[in-house]
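> How does the following fold in three dimensions:
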Amino acid sequence: MITVLFRRSEDGLIEGMSIRGHAGYADSGTDIVCASASTLLYTAINSLEEHCGMIGFYRLDEGNGKMPVPAAEIRIPKDELQKGPDRASQWIMSTIRTGFLLLEQTDRDEYGGNHIKVKHQG
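The predicted structure is shown next:
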């Protein structure tokens with residue numbers, strides 16, 4: 001199962017996310033749950049780079065290729081968080097969170113709900 005964890009600061013801002021695991025829906029290369037999660041992950045990274053000018057804010061561990069979704073962590077820098085809730089980084093992370101929640105719901109409704117879990121901390 002893929003586990004996605006979104007972390008919020010004390011004032012409710014999304015300060016980061018992590019993703020780990022393997023969906024197990026299908027074989028590598030044909031797993032649509034994994035492909036969807038990977039797309040959301042890379043959309044978050046590329047959007048934060050392009051629209052916020054952020055660098056050095058994520059870590060990817062693609063391992064030995066056995067896990068189609070890389071273990072990854074995104075951390076929004078403190079100086080970006082201090083700019084408040086109306087910053088592009090918050091809109092991007094909120095949109096990505098919505099995408100993961102929709103993926104989790106689709107997995108539950110269509111595929112048995114055993115492939116992705118979205119959690120929240122803070």
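> Test my guess that Phe6 contacts Arg97.
Yes: counting by Cβ atoms under 8 Å, Phe6 does reach Arg97; the two are 5.4 Å apart. For glycine as for every other residue, the C-beta is placed from the backbone atoms N, C-alpha and C.
> and Cys71, what is it in contact with?
No Cys there; residue 71 is Ala. Ala71 makes contact with Ser18, Ile19, Arg20, Leu60, Asp61, Gly63 under the criterion Cβ atoms under 8 Å, 6 or more residues apart in numbering.
> Considering the residues you listed, which possesses the most neighbours?
Among the contacts of Ala71, Ile19 has the most neighbours (other Cβ atoms under 10 Å), with 24 neighbours.
> On the strand side of things, show who that one bridges to.
Val4, Ala72 (DSSP bridges).
> Starting from Pro85, give me the distance back to it.
Using Cβ to Cβ, to the nearest Å, we find Ile19 at a distance of 23 Å from Pro85.
> and the residue nearest in space to the middle of the chain, what pLDDT?
The chain has Leu41 as the residue nearest its centroid, 4.7 Å off, counting by Cα atoms, centre = their mean. pLDDT for Leu41: 96.
> ok, back up a step: more neighbours, Phe6 and Arg97?
Remark: of Phe6 and Arg97, Phe6 carries more neighbours, 22 against 19, as counted by other Cβ under 10 Å.
> for the more buried one, what are its contacts?
Ile14, Gly16, Met17, Met93, Arg97, Phe100, Val118, Lys119, His120, Gln121.
> Can you tell me the SS state at it?
In three-state terms, and counting by DSSP: H, G, I helix; E, B strand; the rest coil, Phe6 is strand.
> Quick one: the strands in this structure, in order.
2-8, 14-20, 58-61, 71-75, 116-121 (DSSP state E).
> Among those strands, which comes closest to Arg108?
strand 116-121 (9.0 Å; Cβ to Cβ).
> ok, residues contacting the closest one?
Residues outside strand 116-121 that contact it (Cβ under 8 Å, 6+ apart): 1-8, 23, 33, 37, 97, 100-101, 103-104, 107.
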